[in-house]
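A.B. asks: Okay, predicted coordinates and the sequence, questions at the end:
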Amino acid sequence: MIQDIQKTLWSTADKLRANMDAAEYKHIVLGLIFLKFVSDTFFCAPR
């Protein structure tokens, strides 16, 4: 089951990346990682 998910994620990433240069794709991925970090930090912050 995990391998099916990994294959699906990998093929989806390939489709999204298409003909994009790796350096350009890096900015998109780092932006998504940053948004995930901010989201997690905001969710766990004491209120």
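C.D. replies: Arrived safely. Numbering: from 1, shown residues only.
A.B. asks: Strands of the chain, residue ranges please.
C.D. replies: With DSSP state E as the definition, the chain shows no strands.
A.B. asks: in it, which ranges drop under the pLDDT threshold?
C.D. replies: Applying pLDDT under 70 to the chain flags the ranges 45, 47.
A.B. asks: For the longest helix belonging to it, buried residues please.
C.D. replies: Counting residues, the longest helix found in the chain (DSSP state H) is helix 22-44. The neighbour-count check on helix 22-44 (16 or more other C-beta atoms under 10 Å) flags nothing as buried. Any C-beta I mention is one placed from the backbone N, CA and C, and that applies to glycine too.
A.B. asks: roughly how far is that helix from the heart of the chain?
C.D. replies: Chain-centre distance of helix 22-44: 7 Å, with C-alpha atoms, centre = their mean, to the nearest Å.
A.B. asks: which strands and helices sit next to it?
C.D. replies: Judged by 3 or more C-beta pairs under 8 Å, 6 or more residues apart in numbering; DSSP states H and E, helix 22-44 is in contact with no other helix or strand.
A.B. asks: Identify all contacting residues around that helix.
C.D. replies: Contacts of helix 22-44 with the rest of the structure, by C-beta atoms under 8 Å, 6 or more residues apart in numbering, involve residue 17.
A.B. asks: burial measure for residue 10, as a count.
C.D. replies: Neighbour count for residue 10, taken as other C-beta atoms under 10 Å: 10.
A.B. asks: That one and residue 17, how far apart?
C.D. replies: For residue 10, the distance to residue 17 (C-beta to C-beta, to the nearest Å) stands at 11 Å.
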